[in-house]
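A.B. asks: The following block contains a protein sequence and its predicted model.
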There are 2 protein chains.
Amino acid sequence: MKVYLAGPEVFLSKAVEVQKEKAALARAAGFTPLVPGDLEIPPAPTKHERGLAIYAVDEGMMLASEMIIANLTPFRGISADVGTVFELGFMCGRGKHVYAYTNTSRSYYERILNDHYQGNAALRPDGRMAGSDGLSIEDFDMADNLMLDGGILRREGVLIKREVPEADRLTDLEAFKQCLAIAARRHLR
Amino acid sequence: MKVYLAGPEVFLSKAVEVQKEKAALARAAGFTPLVPGDLEIPPAPTKHERGLAIYAVDEGMMLASEMIIANLTPFRGISADVGTVFELGFMCGRGKHVYAYTNTSRSYYERILNDHYQGNAALRPDGRMAGSDGLSIEDFDMADNLMLDGGILRREGVLIKREVPEADRLTDLEAFKQCLAIAARRHLR
């Protein structure tokens, strides 16, 4: 069974190393991993066309996969990497098996409130909690925006939350291994 | 033709007002708008279950729509709202018509470099530009992460970029109207 390995690892200086490790773990669990950046990207005359060519390769890998494991660990802010989120949505839309993990156990509510607004929030006249800019703060005991948690759980997917120290947050693979183990029990043999 | 209106408007204190205005513009252009939050959400015993119930209603509206117009204006950071990004990915995955807009004309590269890293970036040994934390900065002349622009353009969707002053960035509807006008010419009559 082919699995698409989505996550912001691609931005790490040791991207290739981490992606190879994830692919090896997926193979050891019995899956065939498809990893963004794995295939040769055809040359393109402009940056924009190169970006589109990478997209085309990634979409092809998603269409060929029966399953996604998405790393939703917060990236450059309070939410998951938007590229990974697009891929999660795409795979939910295609009706594929969805697995995800995040290397923080702090709720989205807590991250918006404390990390984004530094606690500067108050009830709005409409009864919703809002930040200093007036934007409401969603409070659903979820790992990220409700569309992410909701999309995963609605199709009986798995979302693993695990607290990892900041220095290892983008590279720790324990929750990824847990996704693989559950998926192997469910879908293999 | 039913169109799903996605965007972070739902977080505004005047969410209802802006969503009603968008819906009225969509109807005036000849479409039937479906708007998150439009339908009564069934009562739920916990916050988490309420979040899942909202997701279920939103997914139902997406499945019922033939088209999405997504507001990808940066939200609480350098990228689009992740809920909207999930919806964009979902609709791309379903093969629906995709339209999107962002109320900034500054590239994603420029926003990562200057807004996120305040210009503290340098070439990495692998030849990629990276921020002070070592994470690479993607540079594809795109509005956001390449999966967003790529997903839209690969299926001949439309992505309107327009520079709007910060105070009006989350509420300005000029680019939304442009999406409606192009979509009406393409799909109606």
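C.D. replies: Arrived safely. Numbers count the residues shown, from 1 in each chain, chains lettered A, B, ... in the order given.

A.B. asks: so what strands line up beside the host helix or strand of residue A:99?
C.D. replies: Assigned by DSSP states H and E, residue A:99 belongs to strand A:97-102. The pairing partners recorded for strand A:97-102 under DSSP bridges are strand A:67-71 (parallel), strand A:158-161 (parallel).

A.B. asks: Pass me the low-pLDDT residue ranges in chain A, would you?
C.D. replies: A:38 (pLDDT under 70).

A.B. asks: Secondary structure of residue A:36: a strand, I assume?
C.D. replies: No. Applying DSSP: H, G, I helix; E, B strand; the rest coil, one finds residue A:36 to be coil, outside a strand.

A.B. asks: Out of the strands paired with strand A:97-102, which one sits most buried?
C.D. replies: The highest mean neighbour count among these, using mean count of other C-beta atoms under 10 Å in any protein chain shown, belongs to strand A:67-71: a mean of 26. No exception for glycine: its C-beta is placed from N, CA and C like everyone else's.

A.B. asks: Centre of the chain to it, how far?
C.D. replies: Relative to its parent chain, strand A:67-71 has a centroid offset of 7 Å by C-alpha atoms, centre = their mean, to the nearest Å.

A.B. asks: CA-only coordinates of that strand in CSV, if you can.
C.D. replies: This file holds the C-alpha atoms of strand A:67-71, laid out as CSV (Å, rounded to 0.1, in the frame of the first residue of the first chain):
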residue,chain,number,x,y,z
MET,A,67,-3.1,6.9,2.4
ILE,A,68,-1.5,10.0,3.8
ILE,A,69,0.5,10.5,7.0
ALA,A,70,0.7,14.3,7.6
ASN,A,71,3.0,16.0,10.0
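
A.B. asks: Next secondary structure element downstream of it?
C.D. replies: helix A:82-93.

A.B. asks: ok, that next one near chain B or not?
C.D. replies: Yes. Contact between helix A:82-93 and chain B, assessed by C-beta under 8 Å from any C-beta of the partner chain, occurs at A:82, A:83, A:85, A:86, A:87, A:88, A:89, A:90, A:91, A:92, A:93.

A.B. asks: Adding distance to residue A:146 and neighbour count, write these out as JSON lines.
C.D. replies: Putting these into JSON lines (distance: C-beta to C-beta, whole Å; neighbours: other C-beta atoms under 10 Å in any protein chain shown) gives the following:
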{"residue": "A:82", "distance to residue A:146": "16", "neighbour count": "29"}
{"residue": "A:83", "distance to residue A:146": "20", "neighbour count": "28"}
{"residue": "A:85", "distance to residue A:146": "13", "neighbour count": "35"}
{"residue": "A:86", "distance to residue A:146": "17", "neighbour count": "31"}
{"residue": "A:87", "distance to residue A:146": "18", "neighbour count": "28"}
{"residue": "A:88", "distance to residue A:146": "13", "neighbour count": "31"}
{"residue": "A:89", "distance to residue A:146": "13", "neighbour count": "31"}
{"residue": "A:90", "distance to residue A:146": "18", "neighbour count": "27"}
{"residue": "A:91", "distance to residue A:146": "18", "neighbour count": "30"}
{"residue": "A:92", "distance to residue A:146": "13", "neighbour count": "26"}
{"residue": "A:93", "distance to residue A:146": "17", "neighbour count": "23"}
